[in-house]
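**Student:** Got a predicted structure plus its sequence, pasted below:
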Amino acid sequence: MIEIVDNIFSPKDIDLFYGYYRDMVGWKFIGMGKESSNYRKWYYSLNKKNNYDNLLITKADSLLKKYSLKNYILKRAYASAYTYGMINEIHQDESPLQSLNIITVMFYLNKEWSANLGGETNFYRNEEIIKSVLPKPGRVIIFDGIIPHCGNEVSRICVELRMVASVRYEKIS
């Protein structure tokens, strides 16, 4: 399952999210992945007590209901960002050995974006791209977190952080 929903927020809301996540959150610079020297990003843990974070989590909850994804509980919610030169690895949101029932709701948080800036989210099967999604403002992707995916590098002409907020859910029995 890979669902793309556009215009999830109004232009005013997109502007508010953009300004808040770009300028106000306490981003941490972290390294992770198979080889931490190859994968670095800015990271921020979402908190339901924060109005902006809670709006994203609440919207993700409503999207699960809209797509009849029942019996899922919030597992993790965070924002991540990167700039030109930061490398991303193809990954799954959970190991298939841990859980086969993960749904990720990913919001793009930039106010403006063009195809010239890169930063697409690619989804893979057998090392082939099966879907490529441009990080368009107001867009959200709902997907099975076990599908291998990654954010492509942004172009060197990009002077912005490529920002997303991801809300992960795990199915309960």
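**Tutor:** Sure, I can see it. The model shown is predicted, which means the values in this text are computed figures rather than measured ones.
**Student:** Quick one: low-confidence residue ranges for the protein.
**Tutor:** Applying pLDDT under 70 to the chain picks out residues 32-39, 95-100.
**Student:** cutoff 50 now
**Tutor:** Residue ranges of the chain with pLDDT under 50: 36-37.
**Student:** which residues sit in contact with the residue of the chain positioned farthest from its centre?
**Tutor:** Centroid-distance maximum for the chain: Ser173 at 25.6 Å, with CA atoms, centre = their mean. Residues in contact with Ser173, defined by CB atoms under 8 Å, 6 or more residues apart in numbering, are Asn71. Placement of C-beta: from N, CA and C, glycine included.
**Student:** Please tell me how far it sits from Met1.
**Tutor:** 19 Å (CB to CB, to the nearest Å).
**Student:** what's the distance between Tyr169 and Glu153?
**Tutor:** From Tyr169 over to Glu153 (counting by CB to CB), the distance is 28 Å.
**Student:** do Leu55 as well
**Tutor:** Leu55 is 29 Å from Glu153, by CB to CB.
**Student:** Output the contacting helices and strands for the longest helix along the chain.
**Tutor:** If you go by DSSP state H, the chain has its longest helix at helix 51-66. Packing contacts for helix 51-66, counted by 3 or more CB pairs under 8 Å, 6 or more residues apart in numbering; DSSP states H and E, involve helix 11-23, strand 72-82, strand 102-108, strand 140-144, strand 162-171.
**Student:** Show me which parts of the helix or strand immediately after the third one in the chain are buried, residue by residue.
**Tutor:** Remark: after strand 102-108, the chain's next helix or strand is strand 121-125, criterion DSSP states H and E. For strand 121-125, a neighbour-count test (16 or more other CB atoms under 10 Å) marks Thr121, Asn122, Phe123 as buried.
**Student:** how about the CA coordinates for stretch 156-173, as CSV?
**Tutor:** In CSV, the C-alpha atoms belonging to stretch 156-173 read as follows (Å, rounded to 0.1, in the frame of the first residue of the first chain):
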residue,chain,number,x,y,z
ARG,A,156,23.0,21.4,-4.7
ILE,A,157,20.8,24.3,-5.8
CYS,A,158,18.5,23.6,-2.9
VAL,A,159,19.0,26.1,-0.1
GLU,A,160,16.2,24.6,2.1
LEU,A,161,16.0,21.7,4.5
ARG,A,162,13.9,19.0,3.0
MET,A,163,11.5,18.3,5.9
VAL,A,164,9.1,15.5,6.7
ALA,A,165,7.1,14.4,9.7
SER,A,166,6.5,10.7,10.0
VAL,A,167,3.9,9.1,12.2
ARG,A,168,4.3,5.3,12.6
TYR,A,169,1.6,2.9,13.7
GLU,A,170,1.7,-0.7,14.7
LYS,A,171,-1.2,-3.1,14.3
ILE,A,172,-2.5,-4.6,17.5
SER,A,173,-4.0,-8.1,17.5
